[in-house]
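Asks: sequence-free structure coming up:
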């Protein structure tokens with residue numbers, strides 16, 4: 001009986017408290033803003049954003065039931081009336097995607113890999129929308145890796161350079177190349193052949209600046 005009275009009295013108090021918070025205007029609002037630099041045109045269609053810059057055009061869908069997207073002047077704003085940690089983290093993720101789009105259409109992304117072989121020299125070439133790897137571990141069959149989106153792949157001896165305006169496409173293309181040469185049936189301590197990512201995606205100008213400093 002005492003437990004029943006406890007439930008009857010406690011839970012209505014909690015519900016009324018939440019209701020009073022809204023009546024008094026104490027609604028938690030979370031917001032993230034991303035400023036657009038000069039030279040970038042941004043437009044919105046429902047929850048999708050399109051950015052145009054010197055390097056090209058990117059479009060991304062930011063739809064989520066608890067996040068509202070809008071453009072105010074020179075800023076893209078992601079807003080939510082939910083104060084939970086997951087929603088606040090999602091706002092941070094959306095703003096990070098928007099900043100990556102800005103870098104992509106203004107600078108571009110650069111990712112690098114290196115081909116390593118000790119037993120059988122492999123041959124890496126680009127054919128259309130795929131990377132072809134021949135003579136890997138002495139195999140007669142070729143191994144193919146898909147190039148995602150408009151990403152470009154350039155092979156210079158044992159170095160493979162992946163560039164593109166979409167960071168996710170460039171990163172996935174590099175991951176595909178690394179994954180397709182993964183050794184599974186041999187001892188990795190002996191057979192260290194493969195193509196490995198040596199540099200994750202970075203803005204192209206930033207990467208070039210680091211290389212110039214190293215040369216000096």
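Replies: Thanks, I have the structure now. Note that this is a predicted model, so its numbers are computed, not measured. Numbering: from 1, shown residues only.

Asks: quick check, residue 42 in a strand?
Replies: Yes - counting by DSSP: H, G, I helix; E, B strand; the rest coil, residue 42 falls inside a strand.

Asks: Report the helix or strand with the lowest average pLDDT across this protein.
Replies: helix 2-23 (a mean of 36; mean pLDDT, DSSP states H and E).

Asks: Buried residues, the next helix or strand after that helix. List them.
Replies: Sequence order places strand 30-35 as the next helix or strand after helix 2-23, per DSSP states H and E. Neighbour counts using 16 or more other Cβ atoms under 10 Å place 30, 32, 34 of strand 30-35 among the buried residues. Every C-beta, even on glycine, is put in place using the N, C-alpha and C of the backbone.

Asks: Also stretch 111-122?
Replies: Buried residues in stretch 111-122, defined by neighbour count with 16+ other Cβ under 10 Å: 111-113, 115, 117, 122.

Asks: Check stretch 154-167 too.
Replies: Of the residues in stretch 154-167, those with enough neighbours to count as buried (16+ other Cβ under 10 Å) are 160-167.

Asks: which of these lies closest to residue 46?
Replies: The closest of the buried residues of stretch 154-167 to residue 46 turns out to be residue 166 (Cβ to Cβ; 20.5 Å).

Asks: List the residues that contact that closest one.
Replies: Under the criterion of Cβ atoms under 8 Å, 6 or more residues apart in numbering, the neighbours of residue 166 are 58, 104, 109, 149-151.

Asks: Repeat the analysis, applying 7 Å as the threshold.
Replies: Residue 166 makes contact with 58, 104, 149, according to Cβ atoms under 7 Å, 6 or more residues apart in numbering.

Asks: Kind regards, and thank you for your time.
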